[in-house]
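**Q** Predicted coordinates and the sequence they were generated for:
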4 protein chains.
Amino acid sequence: MFDFTPYAGLPKTAEEAKKQCLLANRILANENVLDGYGHVSVRNPEAVGTFFQARAVAPEFVTIDDILEIDLRGNVVTETKFRPYGERVIHSAVLADRPDVFAVCHGHPHEVVALSAVGMPLRSIGQFCGMFWKPLPIFDAYSPGSGMLISESQDGERLSRALGGARGIVMRGHGFTMTGNSVQQAVMNSIFFRDNAKMQLLLLPFPGAEVKYLSEDEGRSAEKTQYSDISLGRCWDYWIARAKKAMPDLQEF
Amino acid sequence: MFDFTPYAGLPKTAEEAKKQCLLANRILANENVLDGYGHVSVRNPEAVGTFFQARAVAPEFVTIDDILEIDLRGNVVTETKFRPYGERVIHSAVLADRPDVFAVCHGHPHEVVALSAVGMPLRSIGQFCGMFWKPLPIFDAYSPGSGMLISESQDGERLSRALGGARGIVMRGHGFTMTGNSVQQAVMNSIFFRDNAKMQLLLLPFPGAEVKYLSEDEGRSAEKTQYSDISLGRCWDYWIARAKKAMPDLQEF
Amino acid sequence: MFDFTPYAGLPKTAEEAKKQCLLANRILANENVLDGYGHVSVRNPEAVGTFFQARAVAPEFVTIDDILEIDLRGNVVTETKFRPYGERVIHSAVLADRPDVFAVCHGHPHEVVALSAVGMPLRSIGQFCGMFWKPLPIFDAYSPGSGMLISESQDGERLSRALGGARGIVMRGHGFTMTGNSVQQAVMNSIFFRDNAKMQLLLLPFPGAEVKYLSEDEGRSAEKTQYSDISLGRCWDYWIARAKKAMPDLQEF
Amino acid sequence: MFDFTPYAGLPKTAEEAKKQCLLANRILANENVLDGYGHVSVRNPEAVGTFFQARAVAPEFVTIDDILEIDLRGNVVTETKFRPYGERVIHSAVLADRPDVFAVCHGHPHEVVALSAVGMPLRSIGQFCGMFWKPLPIFDAYSPGSGMLISESQDGERLSRALGGARGIVMRGHGFTMTGNSVQQAVMNSIFFRDNAKMQLLLLPFPGAEVKYLSEDEGRSAEKTQYSDISLGRCWDYWIARAKKAMPDLQEF
């Protein structure tokens, strides 16, 4: 019988949080949500005001020794010669503004970038994407000359204000920033948001289509079942098992 | 020469039925019809009124020890600490209402979920999908607050009534429930229904397209050739061989 | 340095022809042109009026011992307990009518089946598909009750007449039958015809698109470069190398 | 911790240049930008007026011993019995005309071929494709009878004149020729140009879409961040790591 990692919910120690950060990187790479770019942050449960995030490296190849500790102003706390991600200020700003958020994922799936360029609201088409019944805000206030990156503190803060209390935010021509009140939830949101974008794109050519999106009641209640420990845990186990199959060096985690 | 599992048709023993249930899970995961969710049920040939189904685990990682025995009211018969699928009531209701059905698959391929949201009838475009010449009914009567899941007995019974005598049913914003009078048939129906949805989506943008679907004669006769022992057995062998290649632990089955 | 199989052109012996038949099956499965169904025939260079073809098994798992010898009326010459493909009559009819044809592939890629259902002429969009500058005929004269299969001699003969002197034929709601004056050419035609269909589908939604297909001069001259020994040999080597990587049991061939 | 190849920028020796040429071939095959066709050229830093390029073999299977030295008139300098690519004249012409260009990639991704056939300008939709904010020129002046190939010196020179000072050029019904002032940049341009074409195709069916492409400021500044040593090096490392995972014989490089 397959030996599943028991669903642990929020990590209790810094060690566990770093491990969940590693797993989230690998899972999102393995499920084709992140490519050479993109990053994940996870709060440090042993310290107020710091979080864990990989050094500037592709998520598919992050290892446990790549995980840095960073504070909510974006300063790297870990003594290291490694370079952090320039866009860590997205994570520091959101984690500073949103005490309810435990983890943040930022990525650029092609489907989301494409839809963002036409400003189409991304809304739940399927039960498993029910948490997106309320369309996410769209950010389009890049600083001139910034290369559309969020590398300066004030850009991160502006993005965080645009996010407000939402589950995540679409960034025009760029990608998404997704939150979760656990690592598992942030990962699920990232994967299923991409899937929902893919399904919306499939329907684009339907002539005169009246797409029946999830109603508020459907969305709210589907969100609840999706975020239950049973559902989150089952998906988390599944995504880890798939990543371990594709990446043998993960076996020890 | 490749050592194919001989096509056995209906299982004669509980042991064989459990093995077919395991294989159906793995095949549908390997062919990308099921992901972290979805489930399969197979009647127990040694008992009236019970069926086999995995505990609540992703189909790709189901093992033989995960298979539970469940009765037609959805009660778990096997003594176990494992949790069954919440939606097992889909299977218990359909297997109770339809003596002709030997196996049921429930899944959520993106192509089917997308098309379900515009209420487009899914009809056979290709010979190998001939069994869908008569469009399936579409279910859209979820209980308020249910998260669009079918977790209560009365929901399962309502879905089963909507299914009636049809081959399967499309569930709006959710996926499909597919029947078969053998495990092989239920698996073939699930794979080819997804394929047909994919082909319909490819044609959506054809400007002013007059899609030539299969006629009733074409569909009825194609269905007959597809469901012949030769054709079912050849596909079943093929799908097993592919799953075994991707999942070495299946070798013993 | 990679040890490429030298391009051999037409096989000189029955042994070589059987080997090319095996490789064609595996290549077309590996490149996703054939799935559980589909078949390949190759003339026997040591006998007038017979060809080689696998027994009724999925192309991905054909082995050298599965290759049968069949005559131009569709009779199995090899003494065997194995069952041949029902649709071998496609191959016997075409090989009887077309002395210029050395090999035939029949398959059902989703892209071709989809386009066939709207009767859209498939025409060369790209240089490497130049051999399809002249749209193929479309067959839509299935026998009632035949399940849209070509299993009877007279159906095979009717299909062959519809094919005439063309490179191949599209079969509505079913797939394609492709010829080649070598195995390499039949395989190239099959792969690139599928690719061209895929590219045509990508352009379907272009609003008011004026697609610039290859002109007759472009097509004729591109066909010549594509069918040169250099180009055919390079592709053949490439497809074999990929198949061997995915299917270790091919190493000995 | 993953042992990344440090980002080396321009090669200092012929040996290094040949190695980068090998890696570029394998990366572009592994990322599905090149198939059986396509080629890469890299200037020889130890000689004025020669470059390295594989013999006529599929990029996925190029080895270090396949790399030939060729001069800017397209003559093979290496003493060898191997055949060079017929289209090496694309590379010799561009490298002769453009001292700023260090490497050239030529390929035929389906997405680019499809869009080229409708003459649609390919423009940056996403931040990571910012270097294409200025649409590339489209070449459509093939010599009659050439099979749409660029195999003669005068064809290569005409293509190079059409390219002018641009980053690359789209070739109608054929593919693209992409430049870079380093191998890393030419590879990044090739991968992200294909990705941008894919995203443009996803949006084709959007009814009345006003696609918001990158502005000139956004494009220019995104190009700068994408071409920084940090970003180029990180992507290069990532693509190499992925290629090594899929192609074990690359380990020594």
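**A** Received the coordinates, thanks.
**Q** Against which helices or strands is the helix ranked longest in chain A packed?
**A** What stands out as the longest helix in chain A, according to DSSP state H, is helix A:183-203. If contacts are counted by 3 or more CB pairs under 8 Å, 6 or more residues apart in numbering or on different chains; DSSP states H and E, helix A:183-203 sits against helix A:14-30, strand A:39-43, strand A:103-107, helix A:110-116, strand A:175-180, helix A:229-246, helix B:110-116. Glycine gets a C-beta too; all of them are placed from N, C-alpha and C.
**Q** out of those, which comes closest to chain D?
**A** helix A:110-116 (4.2 Å; CB to the nearest CB).
**Q** Whatever helix or strand comes next after the closest one close to chain D?
**A** Remark: after helix A:110-116, the chain's next helix or strand is strand A:138-139, criterion DSSP states H and E. No - counting by CB under 8 Å from any CB of the partner chain, chain D has no neighbours in strand A:138-139; the shortest distance is 10.5 Å.
**Q** The stretch 151-253 of chain A against chain C: which residues are in contact?
**A** Residues of the stretch 151-253 of chain A lying near chain C (CB under 8 Å from any CB): A:204, A:205.
**Q** Just the pLDDT for the residue of the stretch 151-253 of chain A found nearest chain C.
**A** Minimum separation of the stretch 151-253 of chain A from chain C (CB to the nearest CB) falls at residue A:205, amounting to 4.8 Å. pLDDT recorded at residue A:205 is 82.
**Q** can you tell me how far the spatially most central residue of chain A sits from residue D:100?
**A** By CA atoms, centre = their mean, chain A has its centre lying nearest to residue A:105, at 2.5 Å. Between residue A:105 and residue D:100 the distance is 38 Å, computed by CB to CB, to the nearest Å.
**Q** go on, residue A:146?
**A** Distance, residue A:146 to residue D:100, by CB to CB: 26 Å.
**Q** When the two are compared, which one has more neighbours?
**A** residue A:146 (17 against 8; other CB atoms under 10 Å in any protein chain shown).
**Q** Thought residue A:155 was touching that one, still the case?
**A** Yes - counting by CB atoms under 8 Å, residue A:155 is a contact partner of residue A:146 at 6.5 Å.
**Q** For the stretch 151-253 of chain A, give me the ranges with low pLDDT.
**A** A:207-209 (pLDDT under 70).
**Q** Would you tell me which residues of it are close to chain D?
**A** Counting by CB under 8 Å from any CB, the residues of the stretch 151-253 of chain A lying close to chain D are A:172, A:173, A:174, A:175, A:201, A:204, A:205.
**Q** Tell me, how many residues neighbour the residue of the stretch 151-253 of chain A closest to chain C?
**A** Residues near residue A:205, counting by other CB under 10 Å, number 20.
**Q** just the one 5 residues further on next, same as before
**A** For residue A:210, the number of neighbouring residues by other CB under 10 Å comes to 8.
**Q** One more: residue A:99?
**A** Using other CB under 10 Å: residue A:99 sits among 9 other residues.
**Q** Can you confirm whether the helix or strand just after the longest helix of chain A lies near chain B?
**A** Counting by DSSP H and E, the next helix or strand C-terminal to helix A:183-203 is helix A:216-226. Yes - shown here: helix A:216-226 in contact with chain B (CB under 8 Å from any CB) through A:217, A:218, A:221, A:222, A:223, A:224, A:225, A:226.
**Q** And the buried ones among these, selectable in PyMOL?
**A** Here is the PyMOL command that selects the buried residues among these (16 or more other CB atoms under 10 Å in any protein chain shown):
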select buried, chain A and resi 218+221+222+223+225+226
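**Q** quick one: the longest helix of chain A to strand A:175-180, angle?
**A** Between the axis of helix A:183-203 and that of strand A:175-180 there is an angle of 140 degrees, by axes from the mean of the first three to the mean of the last three CA atoms, to 10 degrees.
**Q** Render the CA-only coordinates of helix A:183-203 in CSV, please.
**A** C-alpha atoms of helix A:183-203 as CSV (Å, rounded to 0.1, in the frame of the first residue of the first chain):
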residue,chain,number,x,y,z
VAL,A,183,0.8,25.8,2.0
GLN,A,184,-1.6,23.1,0.8
GLN,A,185,-4.2,25.7,0.0
ALA,A,186,-1.9,28.0,-1.8
VAL,A,187,-0.7,25.1,-3.9
MET,A,188,-4.3,23.9,-4.6
ASN,A,189,-5.3,27.5,-5.6
SER,A,190,-2.4,27.8,-8.0
ILE,A,191,-3.0,24.5,-9.7
PHE,A,192,-6.8,24.8,-10.0
PHE,A,193,-6.6,28.5,-11.1
ARG,A,194,-4.5,27.5,-14.0
ASP,A,195,-6.8,24.6,-14.8
ASN,A,196,-9.8,27.0,-14.7
ALA,A,197,-8.0,29.4,-17.1
LYS,A,198,-7.4,26.4,-19.4
MET,A,199,-11.1,25.5,-19.4
GLN,A,200,-12.1,29.1,-20.1
LEU,A,201,-9.8,29.2,-23.1
LEU,A,202,-11.3,25.9,-24.4
LEU,A,203,-14.7,27.6,-24.4
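**Q** For the stretch 51-200 of chain A, what lies in contact range of chain B?
**A** A:124, A:125, A:126, A:127, A:128, A:130, A:195, A:198, A:199, A:200.
**Q** Tell me who's in contact with the fifth one.
**A** Contacts for residue A:128 (CB atoms under 8 Å, 6 or more residues apart in numbering or on different chains) come out as A:192, A:195, A:222, A:226, B:37, B:108.
**Q** for residue A:139, same thing?
**A** Counting by CB under 8 Å, 6+ apart, residue A:139 has contacts A:159, A:162, A:163, A:169, A:170, A:171, A:172.
**Q** With secondary structure and neighbour count as extra columns, can I get the residues you listed in TSV?
**A** As requested, those are exported to TSV (DSSP: H, G, I helix; E, B strand; the rest coil; neighbours: other CB atoms under 10 Å in any protein chain shown):
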residue	secondary structure	neighbour count
A:159	helix	22
A:162	helix	16
A:163	helix	24
A:169	strand	22
A:170	strand	26
A:171	strand	26
A:172	coil	23
